[in-house]
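In: Next comes the sequence, and after it the predicted model I'd like to discuss.
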Amino acid sequence: MTQKDKIAFDHVYFSDGGKDILRDLTFTLPDGFIHTVIGPSGAGKSTMIKLINRLMDPTKGTIFVDGKDVKSLDVIKLRRKVGMVFQQACLFEGTVADNIRYGPNLSGQKDIDVIKYLDMVGLDSSYQNRDVSQLSGGEQQRVSIARTLANSPEVMLLDEPTSALDPASSQVIEELILRLKKELSLTFVWITHNMEQAMRVGDYTLLIVDGQLVEYNETKSFFKNPEKEITKLFIEGKLKKGASK
C-alpha cells in the first residue's frame, strides 16, 4: 500500500518582529501515523504546528494538507479537519457535554452523541453533566480530546498534551492516542520534550533546532542510528544552546 502524504511544508519560513523563528522547512508527513516533534525550548516547534491549521500564517512558503494549500481552504473547515489539543485543556465554562457539543453546534449539528465521544476517551456517561472545573487535569485533557474528536478531524495537533500531567495520567493519554490512531486512522503531530515518550508513541520523529529541520526519520532509526551529529548530541543531552544545523 502506497503511503499518502497528509501534510507537506514547502520552503516555509516564519518571522516575528524581524526575528526568524522558522527557516526553510521542507518535509512531508505521511497519513495515518504519529509524528513526534522534538527539539530545544524555543526552537519553533509550537509555531510550526500552529501554521498547519492557520493559527498563524507563514511569512514565506506553502503548507499543504491533502495536497491543497491551506490558505486556499476555509479556515473554519480547516480547523475542524485539523484539530488541536494544547498543553492545558483550555475548556469552556460549563459541563462536559457543553464542551463536546460546542464545535458541532457551531456547524449546525444539534443531535450530538456525547456519550459516544466520552467512550472514545475512556470516560463513562456520568461525566456528561459534570462541570469541567471539577475534573482532574487528566480528565480535562481527555474531555479536550473528545471535544476535538466531535468535529471529526483527520489530523490532530498535540502541543505537549501530557507535560502538565502526572505519570499515570500521561500514560492514559498516550494509550488513548495510540488507540485512536489504530481505530480511526488519524494522523497526529505531537510535540514532546520527553524523548522516552517520543520513542514510545512516535512512528516518525522530527528534530527542530533553531527553526530548522535537522533530521526526520522513522522513530526507531532516529534514536538508534541518528544520521546527524547534532541529533546525536541532542539525544545525549549535550546540545549547546544556539547550535545550528
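Out: Cool, the structure landed.
In: Please identify the buried residues of the helix or strand of the chain with the lowest mean pLDDT?
Out: Counting by mean pLDDT, DSSP states H and E, the weakest-scoring helix or strand in the chain turns out to be helix 96-106, with a mean of 91. Judged by neighbour count (16 or more other Cβ atoms under 10 Å), helix 96-106 contains these buried residues: 96, 97, 98, 99, 100, 101, 102, 103, 104. Where you see a C-beta, it was placed from the backbone N, CA and C, and this is true even at glycine.
In: Repeat that for stretch 47-56.
Out: 47, 48, 49, 50, 51, 52, 53, 54, 56.
In: Chain neighbours aside, what residue packs nearest to the last one?
Out: Spelled out, that is residue 56. residue 50 (4.8 Å; Cβ to Cβ, 6 or more residues apart in numbering).
In: would the one you found count as being in a helix?
Out: Yes: under DSSP: H, G, I helix; E, B strand; the rest coil, residue 50 sits within a helix.
In: what's the closest of the buried residues of stretch 47-56 to residue 64?
Out: Residue 64 has its nearest neighbour among these in residue 52, at 9.7 Å by Cβ to Cβ.
In: nearest spatial neighbour of the closest one, skipping sequence neighbours?
Out: Closest to residue 52 by Cβ to Cβ, 6+ apart is residue 82, at 5.7 Å.
In: Next, that neighbour: phi, psi?
Out: Torsion angles at residue 82 (phi, psi; degrees, to the nearest 10) stand at phi -120, psi 90.
In: mind listing the strands for the protein?
Out: Remark: strands assigned in the chain by DSSP state E are 5-16, 19-30, 34-38, 60-65, 68-69, 82-85, 155-159, 187-191, 204-209, 212-218.
In: Of all the residues in stretch 228-239, which ones are buried?
Out: 230, 231, 234, 235, 239.
In: Quick check: the gap between the residue lying closest to residue 228 once chain neighbours are set aside and residue 237.
Out: Closest residue to residue 228 apart from its sequence neighbours, by Cβ to Cβ, 6+ apart: residue 215 at 5.1 Å. In this structure, residue 215 and residue 237 are 16 Å apart, going by Cβ to Cβ, to the nearest Å.
In: Equivalent analysis for residue 15, please.
Out: In terms of Cβ to Cβ, residue 15 sits 30 Å off from residue 237.
In: Ok, residue 68 next?
Out: From residue 68 to residue 237 the distance is 40 Å (Cβ to Cβ).
In: With residue 49 instead?
Out: 24 Å.
In: just residue 106 next, same as before
Out: Taking Cβ to Cβ, one finds residue 106 at 44 Å from residue 237.
In: Repeat that for residue 55.
Out: Distance from residue 55 to residue 237, by Cβ to Cβ: 31 Å.
In: Number of residues surrounding the residue nearest to residue 101 when sequence neighbours are not counted?
Out: Spatial nearest neighbour of residue 101, excluding adjacent residues (Cβ to Cβ, 6+ apart): residue 112 at 4.8 Å. As a burial measure, residue 112 scores 16 neighbours (other Cβ atoms under 10 Å).
In: ok, residue 112 - contacts?
Out: 100, 101, 104, 105, 150 (Cβ atoms under 8 Å, 6 or more residues apart in numbering).
In: If we use 10 Å, what do you get?
Out: 97, 100, 101, 102, 103, 104, 105, 150 (Cβ atoms under 10 Å, 6 or more residues apart in numbering).
In: Same check on residue 107?
Out: 76, 77, 80, 151, 152 are the contacts of residue 107 under Cβ under 10 Å, 6+ apart.
In: now swap in residue 176 and tell me
Out: 120, 121, 122, 141, 142, 145, 146, 161.
In: make it 6 Å
Out: By Cβ atoms under 6 Å, 6 or more residues apart in numbering, the contact list for residue 176 reads residue 121.
In: so where's this structure uncertain?
Out: 1-3, 240-245 (pLDDT under 70).
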